[in-house]
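Participant: sequence unavailable; structure follows:
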């Protein structure tokens, strides 16, 4: 998960910096084009047998996941670009809660005692944090929460796909499906529908061209690495543990925002945030081998 956490950190910071120059759809399109190019080059450089196995007999699950991932990505890009990082990080902690709900609805599987305690602590902390941010418009909260719900669902679907196919196949097909959809949105969605661009500056001086170039490179490489690393991690952890470990990126982003953007989270969020982090750690504790679900069971969401 370390590669995934590092790539997500790069994506989040690059989105904040690029939001002063590009719209939400343009940032998503740039990420899709770059990731597709990297995945395509990797497949082309591979063996002929690997290339023939890229496209599975049935694409339905890939199409559903790709469309859902596109919608969740746009909502997350909007949140990272236009909301305080403290708020975005707060909402993203709800990932394990959505994972537990989806697993119960799909498989009727209840979390263990330890995970239940962790989820209860997590839910309490999130409630406190959201309550303290009641000045934020409800629409903004809905977009951020919707992003977490959609991307958590795609993570659970990824666990099933990763148990069946190679990582390159999953990533290449996802971006190949998403690219024409991004292009349609770019052509037909009026630019005035996008929220106003908000320029962000680094805490230290760098040439503007270097900042833009570095942000573009981080967005493209991070977009590919995040999906590839998450697919590999899905093979070695349960969905609930995966979503819980995934939220460890939140304190990393908050620290990076302070060091690179000189952005401090509101002081009143510190204690509830630590309470939430305790819930994440409890939920992420490993389960015994007897209680751990088989890979084919883990991804049936």
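Facilitator: Noted; the coordinates are in hand. These numbers were taken from a predicted model, which means no experiment stands behind them.
Participant: packing partners for the longest helix seen in the chain?
Facilitator: For the chain, the helix with the greatest residue count under DSSP state H is helix 208-234. When contacts are defined as 3 or more CB pairs under 8 Å, 6 or more residues apart in numbering; DSSP states H and E, helix 208-234 packs onto helix 2-18, helix 24-45, helix 138-162, helix 167-188, helix 239-246. No exception for glycine: its C-beta is placed from N, CA and C like everyone else's.
Participant: could you export those helices as CSV, including distance to residue 281, mean neighbour count and mean pLDDT?
Facilitator: Shown next, in CSV, are the helices and strands packed on helix 208-234 (distance: least, CB to CB, whole Å; neighbours: other CB atoms under 10 Å; pLDDT from 0 to 100):
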stretch, distance to residue 281, mean neighbour count, mean pLDDT
helix 2-18, 15, 22, 83
helix 24-45, 30, 19, 89
helix 138-162, 18, 20, 85
helix 167-188, 28, 18, 91
helix 239-246, 8, 25, 60
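Participant: in a markdown table: the ones you listed, plus distance to residue 58.
Facilitator: As requested, the helices and strands packed on helix 208-234 are exported to a markdown table (distance: least, CB to CB, whole Å):
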| stretch | distance to residue 58 |
| --- | --- |
| helix 2-18 | 27 |
| helix 24-45 | 19 |
| helix 138-162 | 11 |
| helix 167-188 | 11 |
| helix 239-246 | 22 |
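Participant: who wins for proximity to residue 67 among those helices?
Facilitator: Residue 67 lies closest to helix 167-188 among these, at 7.1 Å (CB to CB).
Participant: and the angle for the closest one with helix 24-45?
Facilitator: 150 degrees (axes from the mean of the first three to the mean of the last three CA atoms, to 10 degrees).
Participant: touching helix 167-188 from outside, list them.
Facilitator: Residues outside helix 167-188 that contact it (CB atoms under 8 Å, 6 or more residues apart in numbering): 25-26, 28-29, 32-33, 35-36, 39-40, 42-43, 46, 50, 53-56, 59, 62-63, 65-67, 69-70, 158, 161-162, 224, 227-228, 231-232.
Participant: again, 6 Å this time
Facilitator: Identification of contacts with helix 167-188 by CB atoms under 6 Å, 6 or more residues apart in numbering yields 25, 28-29, 32, 35-36, 39, 42-43, 54, 62-63, 66, 70, 161, 227-228, 231-232.
Participant: same deal with stretch 212-230?
Facilitator: 3-4, 7-8, 10-11, 14, 17-18, 31, 34-35, 38, 167, 171.
Participant: and the residues you listed, which two are the farthest apart?
Facilitator: Pairwise distances across the contacts of stretch 212-230 peak at 28.1 Å for 17 and 167 (criterion: CB to CB).
Participant: secondary structure element for residue 265?
Facilitator: Using DSSP states H and E, residue 265 sits in no helix or strand.
Participant: tell me the SS of residue 205?
Facilitator: coil (DSSP: H, G, I helix; E, B strand; the rest coil).
Participant: that older thread, tell me the buried residues in the longest helix of the chain?
Facilitator: 211-212, 214-216, 218-231, 233-234 (16 or more other CB atoms under 10 Å).
Participant: on that earlier part again, which one of the helices and strands packed on helix 208-234 lies nearest to residue 265?
Facilitator: Using CB to CB, these put helix 2-18 closest to residue 265, at 14.1 Å.
Participant: angle of the closest one against helix 24-45?
Facilitator: 140 degrees.
Participant: which strands and helices sit next to helix 2-18?
Facilitator: Applying 3 or more CB pairs under 6 Å, 6 or more residues apart in numbering; DSSP states H and E, one finds that helix 2-18 contacts helix 60-82, helix 208-234, helix 249-261.
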